[in-house]
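Asker: dropping a prediction and its sequence here:
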Amino acid sequence: MRYLTAGESHGPQLTAIVEGVPAGLELTAEHINEDLARRQKGHGRGRRMQIETDRVQIVGGVRHGQTLGSPIALVVENKDFTHWRNIMGAEPVDNAEEVKRQITKPRPGHADLNGAIKYGHRDMRNVLERSSARETTVRVAAGAVAKQVLKSLGVDIACHVLEIGGVKAEKTSYTSLQELKEKTEASAVRCLDEEAGKQMMKAIDDAKENGDSIGGIVEVIVEGMPTGVGSYVHYDRKLDAKLVSAMMSINAFKGAEIGIGFEAARKPGSEVHDEIQWDEENGYTRKSNNAGGLEGGMTTGMPIVVRGVMKPIPTLYKPLQSVDIDTKETFAASIERSDSCAVPAAAVVAEAVIAWELASALIEQFGLDRIDLLQENIQKHREYAKQF
Ligand SMILES: Cc1cc2nc3c(=O)[nH]c(=O)nc-3n(C[C@H](O)[C@H](O)[C@H](O)COP(=O)(O)O)c2cc1C
Ligand SMILES: C=C(O[C@@H]1CC(C(=O)O)=C[C@@H](OP(=O)(O)O)[C@H]1O)C(=O)O
């Protein structure tokens with residue numbers, strides 16, 4: 001599968017074209033809207049989220065609630081466009097003052113300066129409009145399509161927040177992904193640990209009050225992936241590499257790890273590697289899951305566990321030093337509106353991009369043009385792997 005997105009943060013809409021989804025998959029706007037709504041939630045978001053109510057329009061590739069095998073076109077409207085029509089319309093406009101006003105003051109930590117140099121934009125609005133994480137709206141929509149593929153193949157996925165602004169969740173255990181989903185859905189910071197969640201909210205409020213921003217760590221967990229998906233034979237087909245790359249592609253993500261990740265550097269092999277066992281009912285399983293469900297670029301059949309690190313939001317009410325690209329004068333950046341923390345929303349984006357990679361890998365390995373044949377193939381593979 002592949003997808004492309006287009007659209008600016010304050011333009012009329014975001015668009016995604018999703019290609020390679022097998023025919024016969026159940027898919028409605030409601031499946032996608034649920035995840036769009038989840039992405040909009042979370043303590044610490046700015047005023048923009050009060051303006052938007054993200055809803056998808058499926059404008060290609062689906063008929064009567066089923067995929068056709070043709071490209072799926074997804075559109076999410078930017079309600080805020082009504083306030084930006086003159087500035088963001090595609091057609092040339094007369095010399096309105098607001099249209100002439102260029103952004104020449106780059107924000108440290110955002111794409112403004114590097115993007116302006118790359119494309120030769122003297123008006124950095126041309127950069128910020130596309131580098132904005134508003135684009136993650138349609139990435140979540142594409143991910144929701146991938147989640148439908150996974151669901152039809154018996155693969156379940158969830159996400160949660162492990163850390164915000166240095167406050168760590170202590171209670172991170174759960175008995176089922178369903179429980180994890182219910183608990184995190186009820187939390188304003190998508191955290192399993194209620195007490196830590198309260199402290200995270202306070203940390204966000206404190207940061208906001210100080211005109212600052214904070215980041216954090218999110219985790220995605222996937223259950224039900226068959227064994228041996230991915231590849232050890234080519235660097236660009238290694239599934240672990242794809243998952244880390246997907247995580248790092250999210251705006252403001254600066255690190256990713258699988259399983260115990262960086263902790264593996266501090267432990268001997270006897271405490272890191274997951275011992276192998278077999279029984280009639282479950283086939284091959286592991287006594288532990290330090291590898292986070294991946295060895296040799298392939299799935300082990302154990303749950304996949306991927307974490308990502310989000311840096312603090314770059315746009316700050318507390319000014320940071322920068323340089324005006326027209327006057328070359330130093331200035332202290334000041335802003336109109338911004339999120340102070342978007343880690344809970346970013347967890348939903350992380351879930352979407354991981355779902356995308358896993359559904360793509362399954363289709364690449366077992367894929368046919370029909371969802372029923374894909375289901376059959378994977379079921380056969382599961383039986384084979386169990387008895388192997
Ligand atoms: C859900 C989400 C919301 C974000 N909201 C903001 C925001 O309000 N203001 C801001 O400056 N950056 C925000 N960011 C982060 C920037 O988009 C990101 O830092 C920027 O694109 C620069 O890229 P980089 O941080 O990956 O280097 C957000 C990121 C995510 C994932
Ligand atoms: C719009 C979203 O996030 C935006 C991401 C973002 C950025 O710079 O990344 C900047 C802000 O945009 P605005 O200035 O319009 O408020 C966020 O609100 C969204 O997540 O849907």
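Answerer: All right, it came through fine. These figures come from a predicted structure and were not determined experimentally. Ligands and ions are numbered 1, 2, ... in the order given.

Asker: roughly how far does residue 266 sit from residue 260?
Answerer: According to Cβ to Cβ, to the nearest Å, residue 266 and residue 260 sit 9 Å apart. From N, CA and C alone the C-beta is placed, and that goes for glycine too.

Asker: more neighbours: these two, which one.
Answerer: residue 260 (19 against 9; other Cβ atoms under 10 Å).

Asker: do I have it right that the more buried one meets residue 273?
Answerer: No. Using Cβ atoms under 8 Å, residue 260 is not in contact with residue 273, being 10.8 Å away.

Asker: tell me, what's touching the two both at once?
Answerer: Listed as contacting both residue 260 and residue 273 by Cβ atoms under 8 Å, 6 or more residues apart in numbering are residue 290.

Asker: for the stretch 1-150 of the chain, which residue gets nearest to ligand 1?
Answerer: residue 133 (3.3 Å; Cβ to the nearest ligand atom).

Asker: wait, a helix at residue 220?
Answerer: No. Read with DSSP: H, G, I helix; E, B strand; the rest coil, residue 220 is strand and lies in no helix.

Asker: what's across from it in the sheet?
Answerer: residue 159, residue 306 (DSSP bridges).

Asker: just say helix, strand or coil for residue 106.
Answerer: coil.

Asker: residue 198: neighbour count?
Answerer: 15.

Asker: in what helix or strand does it lie?
Answerer: helix 194-209 (DSSP states H and E).

Asker: ok, residues contacting that helix?
Answerer: 43-44, 161, 164-171, 187-189, 191, 213-214, 216, 312, 340-341.

Asker: pull out the buried residues from those residues.
Answerer: 43-44, 161, 164-165, 167, 169, 187, 189, 191, 213-214, 216, 312, 340-341 (16 or more other Cβ atoms under 10 Å).

Asker: just the ones in strands from those residues, please.
Answerer: 161, 164, 167, 216 (DSSP state E).

Asker: can you pull the contacts of the residue positioned nearest the centre of the chain?
Answerer: Centroid-nearest residue in the chain, with Cα atoms, centre = their mean: residue 349, separated by 2.3 Å. Shown in contact with residue 349 (Cβ under 8 Å, 6+ apart): 39, 133, 136, 139-140, 143, 250.

Asker: can you pick out the most distant pair from the residues you listed?
Answerer: 133 and 143 (14.2 Å; Cβ to Cβ).

Asker: so between the two, which is more surrounded?
Answerer: residue 143 (31 against 18).

Asker: tell me which element that one is part of?
Answerer: Short version, using DSSP H and E: residue 143 is in helix 136-152.

Asker: report the rounded mean pLDDT for that helix.
Answerer: Mean pLDDT, computed over helix 136-152, is 98.

Asker: most widely separated two among the ones in strands among the buried ones among the contacts of helix 194-209?
Answerer: Using Cβ to Cβ, these span at most 9.9 Å, a distance reached by 161 and 167.

Asker: re earlier: only alpha carbons, please: show the helix holding residue 143 as PDB.
Answerer: What follows is helix 136-152 as a C-alpha-only set of coordinates in PDB (Å, rounded to 0.1, in the frame of the first residue of the first chain):
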ATOM      1  CA  THR A 136      -1.500  14.400  10.700                       C
ATOM      2  CA  THR A 137      -5.300  14.600  10.400                       C
ATOM      3  CA  VAL A 138      -5.200  12.800   7.100                       C
ATOM      4  CA  ARG A 139      -2.400  10.500   8.200                       C
ATOM      5  CA  VAL A 140      -4.700   9.400  10.900                       C
ATOM      6  CA  ALA A 141      -7.500   8.900   8.300                       C
ATOM      7  CA  ALA A 142      -5.200   6.700   6.200                       C
ATOM      8  CA  GLY A 143      -4.200   4.900   9.400                       C
ATOM      9  CA  ALA A 144      -7.800   4.200  10.200                       C
ATOM     10  CA  VAL A 145      -8.100   2.500   6.800                       C
ATOM     11  CA  ALA A 146      -5.100   0.400   7.700                       C
ATOM     12  CA  LYS A 147      -6.700  -0.400  11.100                       C
ATOM     13  CA  GLN A 148      -9.700  -1.800   9.300                       C
ATOM     14  CA  VAL A 149      -7.400  -4.100   7.300                       C
ATOM     15  CA  LEU A 150      -5.700  -5.200  10.500                       C
ATOM     16  CA  LYS A 151      -9.000  -5.800  12.300                       C
ATOM     17  CA  SER A 152     -10.200  -8.000   9.400                       C
END
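
Asker: list the buried ones in stretch 223-239?
Answerer: So, applying 16+ other Cβ under 10 Å, buried residues of stretch 223-239: 224-231, 237-239.

Asker: what's the first-to-last distance across that stretch?
Answerer: 15 Å (Cα to Cα, to the nearest Å).

Asker: same check on stretch 76-94?
Answerer: 28 Å.

Asker: tell me which parts of the stretch 1-150 of the chain are close to ligand 1?
Answerer: Residues of the stretch 1-150 of the chain found near ligand 1 (Cβ under 6 Å from any ligand atom) are 46, 110-111, 131-133, 136.

Asker: repeat that with 8 Å
Answerer: For the stretch 1-150 of the chain, the residues in contact with ligand 1 (Cβ under 8 Å from any ligand atom) are 39, 45-46, 48, 107, 109-111, 131-133, 136.
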